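A.B. asks: sequence and predicted model, in that order:
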Amino acid sequence: MKPFFNYKSSLRQRFTFTTLMMLVPLIILVAIQYSVFNRTITHLNNVIEHSSLELTNIKQLQHMTHMAVMVPHDYLMYGEVIERDSYAAVSGKVTTTINTMLKVMAGHPDEIELLEQVDQLWQQVDQISLTILATTNPVGNMALAVQMESLDATSHQLVQTLEQMFSIVTLEIAEESEDADYLRSIMIFLIIGGTSLSALLILWLNRSLAKVIVKPLCCLKDAANRVGDGNYNTCLSWQRQDEIGELSQSFDAMTGFLKSAHEKLELLACQDGLTGTLNRREFDRLLRIEFSRAQRYGHKLSLIMIDLDHFKEINDKYGHIAGDRVLRVFARQLEKAIRDIDQFARYGGEEFVLVLPEVGSDGAYILAERIRTLIAGTNFGEPFGEPVNATISCGISSYPKNSTSEKEMIDNADKALYQAKNEGRNRVVCAKADYSEDLSA
């Protein structure tokens, strides 16, 4: 059934049309009804728009604080000085966002109190992060590791406080929706106070209004609750051109931004920033999954550990920018050489690992040789008019041939890689079943 009120008209126009249809004895009643309704809807729109803006700012702040905390992590792991500039840019945005939110949340004491706690926690995070980034030679520094634990604990507390703010804002939207339901009850009560015929007319008109106003607000409340629970795929997609339609568009834009930010956050958590490959943490997770699957079904599993030969000399001779390019080009070449089900990651520095499901040591050796030949013939650029070339050394371990656990598989591949380097580099070495005994001998 087509709605009585046209969605293309504004809420004010719809209500004005309703008042014109009232009987003369109920003009005063209708005027009061209109005033209450108009003020409530305007207030509700302002509250929800304000809350939507707060939700967006909170999620932005969560994303940026996570980015800020990741910089000291990367600096502690790799010791790259460029992380200091990255941190300065991100921390500046965090401070600006907090100051903006303090202005936006004026008049909301509970939220201001939590935001002040966030500001204090951020100052602690910022102080610890600057201390870590100011330290030279951070890799392997145990004192910095202790500070990193303190940084993680403080950042976790900061995230929890932001989540609490998010819950409060979501609750405000729910409470305002309840006020809208209360408004509907008052309107019905006023209608019943008129004559029988007029009361039936007013009831019919207001029920029509309820279908196009109160019900969408309830839907908006439910949608906001779903977003608060982490369902960022929530989308209203209302084809309306009134105030509620504009509000739904703002809500969809907000959830779209939150979804994009969440996806980027998940991607950053498992991706190496320089090469775009998986990082060490994601590799460890995938290896556990593949190793468990291989054990469960009795399948083969191989691991290739790859190291770029003399990479430090490339950095020293051509500069770190050229070195970074070598790593990126190597990652692209490696991606072309493997299957879709194979996984590779940057293990650290110039070292990469490749996981080959359902592949034994022979197949892994053939693939490693093919990759070695491919890399040896690759031109990694000409920074000074001179082509940059590189070679690789590979160590292979396999399950169940010479490894019975994930750790043993990594250790055997690393030992095989070490042997390849000792034998002159630019070669592939497979771990043996009794590899550890040969080394001790």
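C.D. replies: The structure has been received and is ready for your questions.

A.B. asks: C-alpha from now on. contacts and neighbour counts both.
C.D. replies: OK.

A.B. asks: number of residues surrounding the closest residue to Glu382 other than its chain neighbours?
C.D. replies: Nearest residue to Glu382, sequence neighbours excluded (Cα to Cα, 6 or more residues apart in numbering): Val388, at 5.9 Å. The tally of other residues near Val388 (other Cα atoms under 10 Å) stands at 18.

A.B. asks: now swap in the one 3 residues further on and tell me
C.D. replies: Counted with other Cα under 10 Å, residues neighbouring Thr391 total 20.

A.B. asks: ranges for the strands of the stretch 301-441 of the chain?
C.D. replies: Using DSSP state E, counting those that start in this stretch, the strands of the stretch 301-441 of the chain run over residues 301-308, 343-348, 351-357, 392-399, 428-430.

A.B. asks: burial of the spatially closest residue to Tyr347 that is not a sequence neighbour, as a residue count?
C.D. replies: Among residues not flanking Tyr347 along the chain, Arg280 sits closest, at 5.1 Å (Cα to Cα, 6+ apart). Residues lying near Arg280 (other Cα under 10 Å) number 19.

A.B. asks: and if you look at Asp126?
C.D. replies: Asp126 has 22 nearby residues by other Cα under 10 Å.

A.B. asks: helices or strands next to the strand or helix carrying it in the packing?
C.D. replies: Assessed by DSSP states H and E, Asp126 sits inside helix 109-133. When contacts are defined as 3 or more Cα pairs under 8 Å, 6 or more residues apart in numbering; DSSP states H and E, helix 109-133 sits against helix 27-78, helix 82-104, helix 142-192.

A.B. asks: so which of the strands of the stretch 301-441 of the chain gets nearest Cys235?
C.D. replies: Among the strands of the stretch 301-441 of the chain, the nearest to Cys235 by Cα to Cα is strand 343-348 (33.8 Å).

A.B. asks: Ala224 contacts Thr170, correct?
C.D. replies: Yes. Using Cα atoms under 8 Å, Ala224 makes contact with Thr170 at a distance of 6.5 Å.

A.B. asks: ok, Ile375 to Ile58 distance?
C.D. replies: 46 Å (Cα to Cα, to the nearest Å).

A.B. asks: picking up where we left off before, which of the helices and strands packed on helix 109-133 sits closest to Val355?
C.D. replies: helix 27-78 (22.8 Å).

A.B. asks: tell me how far Arg372 lies from Leu115.
C.D. replies: 54 Å.

A.B. asks: so Glu382 sits against Val326, correct?
C.D. replies: No. In this structure Glu382 lies outside contact range of Val326 using Cα under 8 Å: 10.8 Å.

A.B. asks: when the two are compared, which one has more neighbours?
C.D. replies: Of the pair Glu382 and Val326, Val326 is the one with more neighbours under other Cα under 10 Å, namely 25 against 12.

A.B. asks: who touches the more buried one in this structure?
C.D. replies: Phe380, Gly381 (Cα atoms under 8 Å, 6 or more residues apart in numbering).

A.B. asks: and what of the one 4 residues further on?
C.D. replies: Applying Cα under 8 Å, 6+ apart, we find Phe330 in contact with Ile375.

A.B. asks: give me the neighbour count for Leu274.
C.D. replies: Residues near Leu274, counting by other Cα under 10 Å: 12.

A.B. asks: could you do Gly140 as well?
C.D. replies: Gly140: 12 neighbours (other Cα under 10 Å).

A.B. asks: swap in Ser398?
C.D. replies: Neighbour tally, Ser398, other Cα under 10 Å: 29.

A.B. asks: bridging residues for the closest residue to it other than its chain neighbours?
C.D. replies: Distances taken as Cα to Cα, 6+ apart put Ser302 closest to Ser398, at 4.2 Å, once the chain neighbours are dropped. Beta-bridge pairing for Ser302 (DSSP bridges): Leu356, Ser398.

A.B. asks: do you know how far Ser302 is from Leu417?
C.D. replies: Taken as Cα to Cα, the span from Ser302 to Leu417 is 14 Å.

A.B. asks: Gln343 is in contact with Leu356, isn't it?
C.D. replies: Yes. Using Cα under 8 Å, Gln343 is in contact with Leu356, at 7.0 Å.

A.B. asks: which one of these two has more residues nearby?
C.D. replies: Ranked by neighbour count (other Cα under 10 Å), Gln343 and Leu356 place Leu356 first, with 25 against 19.
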